[in-house]
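Student: Okay, sequence plus prediction incoming.
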Amino acid sequence: MTIGPARQKDRRKPPRQPATGGAETGQSRHFAPRKSDPFGSHITAPPQLVRNPKVQPDEWELDVIQTRLMSSSWPKDQSYTAMAAKSGVQALRTPIPEYYGPSCLTCHGSPQGEIDITGFPKEGAREGDLGGIISITLYR
């Protein structure tokens with residue numbers, strides 16, 4: 001039996017879309033939204049890179065970003081882990097750095113200030129620059 005084109009499943013992949021992390025879509029990508037969950041994660045970035053104010057780093061994340069992850073002496077791709085309070089509850093917290101790759105630079109690269117395809121000004125980033133963090137929290 002031959003299946004004609006109308007019956008064949010279209011196996012073509014949809015066209016690639018630009019990255020749509022929490023900062024770009026207005027969602028903070030919380031994977032464990034209930035406070036009773038022992039695990040939580042979200043995407044954030046250094047404040048000057050956050051396009052959506054809802055995903056600003058909290059005080060602890062901001063301190064780690066500024067004093068560790070953005071430090072020229074911090075080893076690339078190394079995360080940081082510490083016990084620290086989150087929403088008043090002690091937790092094991094780990095921000096995992098994410099760096100700009102070549103495909104990121106379409107929206108986040110040069111020239112700085114030029115409007116990208118999502119309607120935001122480009123940051124002027126270079127490949128390998130810190131672009132954001134995945135912040136993981138394990139509650140006690």
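Tutor: Yep, that arrived.

Student: When you work out contacts or count neighbours from here on, use the C-alpha atoms and nothing else.
Tutor: Noted.

Student: where exactly do the strands run in the protein?
Tutor: 39-44, 82-86, 89-99, 130-139 (DSSP state E).

Student: What separation do you get for residue 77 and residue 59?
Tutor: Residue 77 is 22 Å from residue 59, where distance means Cα to Cα, to the nearest Å.

Student: Equivalent analysis for residue 111, please.
Tutor: Remark: distance between residue 111 and residue 59 (Cα to Cα) = 31 Å.

Student: Low-confidence ranges, this protein, go.
Tutor: 1-37 (pLDDT under 70).

Student: Would you point out which residue is most central in it?
Tutor: Nearest to the geometric centre of the chain sits residue 43, at 4.1 Å (Cα atoms, centre = their mean).

Student: coming back round to it: tell me which of the strands of the chain approaches residue 124 most closely.
Tutor: Among the strands of the chain, strand 130-139 comes nearest to residue 124, with 11.2 Å by Cα to Cα.

Student: Direction included, what does that closest one pair up with?
Tutor: strand 39-44 (antiparallel), strand 89-99 (antiparallel) (DSSP bridges).

Student: Any chance of these in TSV with distance to residue 51 as columns?
Tutor: Shown next, in TSV, are the strands paired with strand 130-139 (distance: least, Cα to Cα, whole Å):
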stretch	distance to residue 51
strand 39-44	10
strand 89-99	16
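
Student: which one of the ones you listed has the most crowded surroundings?
Tutor: Highest mean neighbour count of the strands paired with strand 130-139: strand 39-44, a mean of 21 (counted as mean count of other Cα atoms under 10 Å).

Student: Only C-alpha atoms, please: export that one in CSV.
Tutor: Provided in CSV are the C-alpha atoms of strand 39-44 (Å, rounded to 0.1, in the frame of the first residue of the first chain):
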residue,chain,number,x,y,z
PHE,A,39,13.8,22.0,44.8
GLY,A,40,13.6,25.2,42.8
SER,A,41,15.4,26.7,39.8
HIS,A,42,15.2,29.7,37.6
ILE,A,43,17.2,31.7,35.1
THR,A,44,18.6,35.1,35.9
